[in-house]
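Q: Starting from these lines, generate the structure:
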Amino acid sequence: MVEALPQLSARLRQEADVSRFMGGVLVARDGEVVFRQVYGLADADTGKPLTLSSRFRLASLSKQFTAAAILRLQDEGRLSVDDPVCRWIQPCPVAWTPVRIHHLISHTSGIPDLMQRPDWGERRTTPATMAELTADSAAFGLTFEPGSELRYNNAGFNLAADIIERASGMPFGDYLKTAFFELLGMADTGLGDSPDLVAGHANFASGLTPQRQANVSIIPGAGAMYSTLDDMLVWSRALHGGHVLPTDSYAAMIADHAPPDQSAERGRVRRIWGYGVMANRLGRRVIPGFDDFQVYHTGSWSGFRNLMSWQPGGQVTVVVLTNNYHQQDQVFLITQQAMAEALGRPFPIGLSAN
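A: As a prediction, this is how the structure comes out:
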């Protein structure tokens, strides 16, 4: 437990005391942990509290690991992001001929996402293998020419995970373990389920309710990982510190792969869409605002809501992992309060209207 950010500490304690926040927060600056604390329950049914070593589902924070694995395999000469998807996926729909691996991990493939499909309700609750997910996707054509538009896409990252298996000759989770987790000492990070994961929750009229049917088998490359505050700090330091990818591959990961004419979203400044990460000046969305550039990603799935952000100028990592799906605004504001205080900016008190 570290609480060297007094404004953040006071705010989180106040929110936790009235049950408006449950989860864990870690902040590191210049290699030093300046905040590390958890609040609330690991499981509302049992009353078990969260601990500093609690394992949370990462949801879409997982996408950066999938993207990094593709880039690692490229560095090893086993594939290229410019490879046609049909080189790796067989049989391959004719419609997919122009789709490249690059499109899969930049949300620009045109392949319909899982949630856009007519059978989403059934697939959401039905366990699936990687082969079944790939076959599901192959049943669809494209909704736009690859590279011409950008639409957030979990299916593309699932296909990328399948390609990782084919290129590496290993199950996806085993490749991640061998290439990243074992080398970095991330012993509490993995793919799929683990018996000691905390329960996800949602706020219903009847109260705080555990959400136990995660079915992450349908999002292997898009959101199926779990981890801890400490392991995610290890990952952030390694990824942004040059210990996961060489300079050119890391530059490709955080570059903007959105179409040049991609419009602003909801009136906000358009974000940069990298491979499995995004970037923007998130502090402009809080009051008082601040302008520091941040590389980040969010995550939400089956009772979990997360955000991790990296600020390169101040060498600040903020990790917020929560096991309550209905904390979207809280998670965003807490992340920016932590970032602002760590950077010495005025402490935000709320979200802006834009």
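Q: okay, CA-based contacts and neighbour counts for the rest of this
A: Noted.
Q: which non-adjacent residue is nearest the spatially most central residue of the chain?
A: In the chain, the centroid-proximal residue (Cα atoms, centre = their mean) is Leu61; its distance is 1.3 Å. In space, Leu61 comes closest to Gly299 once its chain neighbours are excluded; the distance is 5.3 Å by Cα to Cα, 6 or more residues apart in numbering.
Q: hmm, back to that, I'd assumed the residue nearest to the centre of the chain was in a helix, is it?
A: Yes - under DSSP: H, G, I helix; E, B strand; the rest coil, Leu61 sits within a helix.
Q: got the contact list for it?
A: Going by Cα atoms under 8 Å, 6 or more residues apart in numbering, Leu61 touches Gly223, His297, Thr298, Gly299, Asn306, Leu307, Met308.
Q: let's see it at 10 Å
A: 222-226, 232, 276-277, 296-300, 306-308 (Cα atoms under 10 Å, 6 or more residues apart in numbering).
Q: What of Pro6?
A: Per Cα under 10 Å, 6+ apart, neighbours of Pro6: Leu12, Phe35, Glu341.
Q: for the stretch 1-150 of the chain, what spans make up the strands?
A: Assigned by DSSP state E, counting those that start in this stretch, the stretch 1-150 of the chain shows strands spanning 2-3, 23-29, 32-39, 41-43, 48-49, 56-57.
Q: right, and the helix or strand after the one helix or strand the residue nearest to Leu61 maps to?
A: Using DSSP states H and E, Gly299 falls within strand 294-301. Sequence order places strand 304-311 as the next helix or strand after strand 294-301, per DSSP H and E.
Q: that older thread, tell me the most buried of the strands of the stretch 1-150 of the chain?
A: Highest mean neighbour count of the strands of the stretch 1-150 of the chain: strand 56-57, a mean of 32 (counted as mean count of other Cα atoms under 10 Å).
Q: give me every residue that touches the residue nearest to Trp88 when sequence neighbours are not counted.
A: Leaving aside its sequence neighbours, Trp88 sits nearest to Ile163 (Cα to Cα, 6+ apart; 6.1 Å). With contact taken as Cα under 10 Å, 6+ apart, Ile163 is in contact with Ile70, Leu79, Val85, Arg87, Trp88, Ile89, Ile101, Phe157, Gly169, Phe172.
Q: what residues are up against the last one?
A: In this structure, Phe172 makes contact with 66, 69, 130, 160-166, 191, 220-221, judged by Cα under 10 Å, 6+ apart.
Q: among the residues you listed, which two are most distant?
A: Greatest spacing in these, by Cα to Cα: Arg166 and Leu191 (17.5 Å).
Q: So between these two, which is more surrounded?
A: Neighbour totals were compared for Arg166 and Leu191, and Leu191 leads with 22 against 15 (other Cα atoms under 10 Å).
Q: Quick check: phi and psi on the more buried one?
A: Main-chain torsions, Leu191, degrees, to the nearest 10: phi -110, psi 140.
Q: ok, Ala95 - how many residues close by?
A: The burial count for Ala95: 13, using other Cα under 10 Å.
Q: what sits against it?
A: Contact analysis of Ala95 by Cα under 10 Å, 6+ apart lists Ile111, Ala138, Phe140, Gly141, Leu142, Glu145.
Q: Apply 6 Å and report the result again.
A: Gly141 (Cα atoms under 6 Å, 6 or more residues apart in numbering).
Q: roughly how far out does stretch 340-354 sit from the chain middle?
A: Relative to the centre of its chain, stretch 340-354 is centred 22 Å away, using Cα atoms, centre = their mean, to the nearest Å.
Q: Kindly export it (C-alpha atoms) in CSV.
A: Provided in CSV are the C-alpha atoms of stretch 340-354 (Å, rounded to 0.1, in the frame of the first residue of the first chain):
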residue,chain,number,x,y,z
ALA,A,340,-2.9,15.2,-13.1
GLU,A,341,-1.7,14.9,-9.5
ALA,A,342,1.3,12.8,-10.5
LEU,A,343,2.3,15.4,-13.2
GLY,A,344,1.8,18.3,-10.8
ARG,A,345,-1.3,19.7,-12.7
PRO,A,346,-4.4,21.1,-10.9
PHE,A,347,-6.5,18.3,-9.5
PRO,A,348,-9.7,17.7,-11.6
ILE,A,349,-13.0,17.8,-9.8
GLY,A,350,-15.3,16.6,-12.6
LEU,A,351,-15.9,15.7,-16.2
SER,A,352,-16.3,18.4,-18.8
ALA,A,353,-19.4,18.5,-21.0
ASN,A,354,-17.4,17.8,-24.2
